[in-house]
Structure formats: C-alpha cells, structure tokens
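> here is a sequence with its predicted model. Questions after.
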Amino acid sequence: MCRGGGFEGTKTPLFTTNREPVIVKNPNLFTMEEDILYHFSLGTKTHNLPEMFGDIKFVCVGGSANRMKAFAQFIHQELSLPGNPGEIQDICEGTDRYCMYKVGPVLSISHGMGVPSISIMLHELIKLLHHAQCRIPLGLELP
C-alpha cells in the first residue's frame, strides 16, 4: 500500500502533506442503506465503525489466525497498553472466516490462504477503513 518516489517517470511524492481519508472508488457504496461486511461479521448499522476503528494507523495482515493473535498480544505488550494481552478479543468471532484484533492504533487480521481469501479480506478491509473514516497516515499514499 506504500508508494514512494524514486521510480523513473513517477511524480508521486514520497510523503503526503496531510492525512487524506481512505477513499473507495465505488459510487454504489454511497447509495447503500447498509453495508454488511459479512466475512468480518460487522455492519454499518449494527456497529459504530468510526468509534471502533477510527483511530487505526497501522494494519498488519498474515495468513494464520494464531500468528495474528500472537502478533496482537506482542503489540499490546510493546505499547504497554492496560489490561491482559491474553484476554484480547477476536472482533470477527461471529464468523469463522478471519480473525481480527485491535490493539491501540494497530489492527491485526488473518487473511487465510490463497488469492481468493486475501482478495475478499482486502475488499472488506478497505470498506471498513472507509466507513470508520480512517485517515491515511503521513508518509503513506495509496495508488
């Protein structure tokens, strides 16, 4: 998701000057009464996505659900967050497709195996970040 300068013919700056919102280039998204992120067991009417995820600055993905839980527990300790890292909850526990853990400004998500599984996860993740009104951190620019 990172794109920087230095490639011949590119005019994209290495760093953005402000934090831009995550934009989904799908005009149908704005006409939907409700968007259900089925594989995450989340929805725009059933969950307050800006409150839950609006402070996300980093998203880390990996294939294994167990590895992503261990990563989230590690980040919990590294950030010295309150509470027991062993008690973090899987946000996607309502489905058996993916696991998702939020620790501070970090989102840890499993993506399963293979391109179809990763594609579905990324599709719903981008919509989740959009609905949560997340902003792209300084230094990152989406293509």
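Yep, it's here. Quick caveat, the model's predicted, so the values are computed rather than measured. Numbers count the residues shown, from 1 in each chain.

> quick check: longest helix of this structure.
Ranked by residue count and defined by DSSP state H, the top helix of the chain is helix 115-131.

> list the contacts of it.
Outside of helix 115-131, the residues within contact range by C-beta atoms under 8 Å, 6 or more residues apart in numbering are 21-24, 29, 35, 37-40, 42, 44, 49-50, 53, 56, 59, 61, 97-98, 109-112. Any C-beta I mention is one placed from the backbone N, CA and C, and that applies to glycine too.

> give me the buried subset of these.
22, 24, 35, 37, 39-40, 42, 44, 49, 53, 56, 59, 61, 97-98, 109-112 (16 or more other C-beta atoms under 10 Å).

> please enumerate the strands of the chain.
Assigned by DSSP state E, the chain shows strands spanning 36-37, 42-43, 58-62, 100-103, 106-110.

> confidence-wise, which of the ones you listed is weakest overall?
Among the strands of the chain, strand 58-62 carries the lowest mean pLDDT, at a mean of 91.

> off-centre distance for that strand?
With C-alpha atoms, centre = their mean, to the nearest Å as the basis, strand 58-62 stands 7 Å off its chain's centre.

> with stretch 50-69 instead?
Distance, stretch centre to chain centre, for stretch 50-69: 6 Å (C-alpha atoms, centre = their mean).

> just the residues contacting that stretch, thanks.
71, 88, 90-91, 98-99, 101-102, 104-113, 118, 121, 125, 128-129, 131-134, 137.

> cool, and stretch 36-49?
With C-beta under 8 Å, 6+ apart, stretch 36-49 has contacts from 32-35, 91-95, 97-98, 100, 120-121, 124, 127-128, 131-132.
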